[in-house]
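[1] Next come a sequence and a model predicted from it.
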Amino acid sequence: MARHLSAMKRARQNKKRKLRNLSRKTRVKGVVRDVRAALTRKNLEEATTALEKAAPVIAKVAGKGTLHWRTAARKISRLTKQVNALKSS
């Protein structure tokens, strides 16, 4: 356990950040799950709507530093690719 004031403050900050990041990552998982669920049902308009909601959420989480920007771009790209494949089929 931290004994110095600065170390105790750092521990408090880390705890807050961990909870905040966990919440954001859970939100990303939820919106990705919504898109994938619509894709498995082969519902194009639902998948498109879910993707339109998911992309800004993922980008915002990356902007806050919770996800790396390349990870976020990869997630958005792969989801978009799957939705476009559903459109073409």
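    All right, it came through fine. What you see is a predicted model, and the numbers here were worked out from it, not measured in a lab.
[2] Nearest residue to the middle of the chain?
    For the chain, the residue sitting closest to the mean C-alpha position, by CA atoms, centre = their mean, is Val28 at 2.6 Å.
[3] What strand or helix carries that residue?
    In the assignment (DSSP states H and E), Val28 maps to helix 5-40.
[4] Just give the number of residues close to the closest residue to Met1 other than its chain neighbours.
    In space, and not counting its chain neighbours, Met1 is closest to Ala11: 8.0 Å by CB to CB, 6 or more residues apart in numbering. For glycine as for every other residue, the C-beta is placed from the backbone atoms N, C-alpha and C. Ala11: 12 surrounding residues under other CB atoms under 10 Å.
[5] Ala11 and Ala2 touch, don't they?
    Yes: contact criterion CB atoms under 8 Å: Ala11 and Ala2 qualify, at 4.9 Å.
[6] Look up how far His68 lies from Lys81.
    Distance from Lys81 to His68, counting by CB to CB, to the nearest Å: 19 Å.
[7] What is the host helix or strand of Ala85 packed up against?
    Here Ala85, judged by DSSP H and E, is contained in helix 69-88. When contacts are defined as 3 or more CB pairs under 8 Å, 6 or more residues apart in numbering; DSSP states H and E, helix 69-88 packs onto helix 5-40, helix 44-64.
[8] Can you get me the centre-to-centre distance for the shortest one and its chain?
    It refers to helix 44-64. 8 Å (CA atoms, centre = their mean, to the nearest Å).
[9] who's in contact with that helix?
    24-25, 27-28, 31-32, 34-35, 37-39, 67-69, 71-73, 75-76, 79-80, 82-83, 86-87 (CB atoms under 8 Å, 6 or more residues apart in numbering).
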